[in-house]
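Asker: Fold the following and give me the result.
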Amino acid sequence: MSTVQDSAFEDPTETTPLKIVHTTGSSVTTSSRGAGFYFQFAHLVVVVVGAAANVLVLYAMLASKQHKKHVLIFNQNVLDLVNCFFAIVRLPVTLGNVYLSGTSGYWLCLTIISNAGSSLAYYGSQINLAAISVERYLKVVHHTWAKKKLRDWMIYSAIAFAWISGIVITAAVTIETTAVVNGVCYSGTFFLSKMARKVYGVWDFLSFYVIIMLIFIFCYGRILMTIRRQAKVMAAHSADGSNTAQDQLHKIQASVIKTMILVSGLYAVTWGPSFSVSTFIRSSPLMRRACTLCCPSHISTSALTLSSTPLSLTQSSASC
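Answerer: The predicted structure is shown next:
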């Protein structure tokens with residue numbers, strides 16, 4: 001259990017000790033309730049809206065039995081709802097300035113204040129989003145192969161992999177880098193070295209931003225190319241260009257374009273600032289000390305994805 005009661009502690013990634021302002025409550029918060037408080041409140045509002053959107057989508061899928069047909073999309077909504085739930089639970093504890101002590105304080109820090117619950121759902125959600133894109137790519141671009149080879153156990157294995165990966169990554173990072181100092185929870189602070197902090201930052205950025213974006217662009221780009229090629233073939237063999245089958249292909253093409261713009265665009269716009277701020281925080285001690293203001297704002301921006309992605313995926317699921 002990592003609990004420290006000294007008035008100053010030494011961050012392993014720094015050469016000089018950082019003086020602790022004796023406060024109570026969440027990690028990297030001060031007694032000042034300035035802009036940081038309003039950012040946290042805005043974050044809470046966005047997350048509540050996201051949770052409501054996910055609940056509505058889950059209810060609609062259950063009522064229409066679509067959760068059996070679109071298992072990955074259903075799992076995406078479950079992961080996003082879990083993310084929202086832990087974020088909602090965490091914020092009152094953070095704003096309440098709870099003084100942490102003993103074993104119970106450490107576990108409250110490790111499980112709630114450190115954002116571990118949201119983190120495991122976040123990592124699982126990113127992997128699941130990639131799985132959705134790959135599944136659609138296979139079913140459209142390699143339709144014959146997918147119909148013969150793609151089995152339910154593969155889909156459920158992808159779901160299990162998303163959840164297990166989220167839990168393992170979160171546990172590996174959070175347990176090693178979290179501690180309670182003078183009643184305050186510090187999460188993502190105690191890396192073994194500066195190099196370890198930077199390596200983790202680069203890995204996180206490449207794995208869950210760059211690679212995910214490339215998967216989106218490749219999969220939806222190939223899907224769009226395939227649908228356009230099919231539309232041209234049908235147009236060449238059709239005397240009347242406005243027949244029902246061709247109109248249906250045009251609708252599917254428009255749906256794919258809409259999905260690609262919504263999923264890829266929203267992902268790039270909302271998560272881009274988050275990864276940028278995180279990179280600066282990990283690379284600069286000054287930025288880490290200023291996290292009181294910047295962290296809530298970039299978290300709130302990325303949290304918009306929780307309410308928009310489920311709706312955009314569900315709207316286009318029938319077409320893909």
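Asker: what's in contact with stretch 153-173?
Answerer: Applying Cβ atoms under 8 Å, 6 or more residues apart in numbering, the contact partners of stretch 153-173 are 71-72, 75, 79, 116, 119-125, 127-128, 131, 135, 188, 200. Bear in mind the C-beta positions are built from the backbone N, C-alpha and C, glycine included.
Asker: let's see it at 6 Å
Answerer: 71, 75, 116, 119, 120, 123, 124, 127, 128, 131 (Cβ atoms under 6 Å, 6 or more residues apart in numbering).
Asker: can you give me the strands for this structure?
Answerer: 3-4, 8-9, 18-19, 179-181, 184-186 (DSSP state E).
Asker: By mean pLDDT, show me the worst of the ones you listed.
Answerer: Ranked by mean pLDDT, the strands of the chain bottom out at strand 18-19, which scores a mean of 37.
Asker: what pLDDT does the closest residue in space to residue 47 that isn't next to it in sequence get?
Answerer: Distances taken as Cβ to Cβ, 6 or more residues apart in numbering place residue 87 nearest to residue 47, at 4.5 Å, with adjacent residues excluded. Per-residue pLDDT puts residue 87 at 88.
Asker: ok, now the one 4 residues further on?
Answerer: Per-residue confidence at residue 91 stands at 83 (pLDDT).
Asker: Where does the prediction get shaky in the stretch 201-320 of the chain?
Answerer: 235-247, 249-250, 253, 256, 279-320 (pLDDT under 70).
Asker: residue boundaries of the helices in it?
Answerer: 211-236, 244-260, 266-283, 285-289, 291-316 (DSSP state H, counting those that start in this stretch).
Asker: ditto for the stretch 51-200 of the chain
Answerer: So, for the stretch 51-200 of the chain - with DSSP H, counting those that start in this stretch - the helices run 71-95, 102-108, 116-141, 143-149, 152-177, 194-205.
Asker: related to what we said a few turns ago, how about the contacts of stretch 153-173, which pair is most distant?
Answerer: 71 and 116 (25.9 Å; Cβ to Cβ).
Asker: Comparing these two, which shows the higher neighbour count?
Answerer: For residue 71 and residue 116, the more surrounded residue by other Cβ atoms under 10 Å is residue 116, and the numbers stand at 22 against 17.
Asker: Quick check: chain neighbours aside, which residue is closest to the more buried one?
Answerer: Using Cβ to Cβ, 6+ apart, the closest residue to residue 116 is residue 174 (4.9 Å).
Asker: Then residue 131?
Answerer: residue 158 (4.3 Å).
Asker: Tell me how far the one you found lies from residue 97.
Answerer: Separation of residue 158 from residue 97 (Cβ to Cβ, to the nearest Å) stands at 41 Å.
Asker: Show me which of those two is the more surrounded one.
Answerer: residue 158 (19 against 16).
Asker: per-residue confidence at the more buried one?
Answerer: pLDDT at residue 158 comes out at 96.
Asker: buried sites along stretch 175-184?
Answerer: 177, 178, 179, 180, 181, 182, 183, 184 (16 or more other Cβ atoms under 10 Å).
Asker: Centre-most residue in this protein?
Answerer: Centroid-nearest residue in the chain, with Cα atoms, centre = their mean: residue 122, separated by 3.5 Å.
Asker: Contact partners for the nearest residue to that one once chain neighbours are set aside?
Answerer: Using Cβ to Cβ, 6+ apart and skipping residues adjacent in sequence, the residue nearest residue 122 is residue 83, 5.8 Å away. Counting by Cβ under 6 Å, 6+ apart, residue 83 touches 118, 121, 122.
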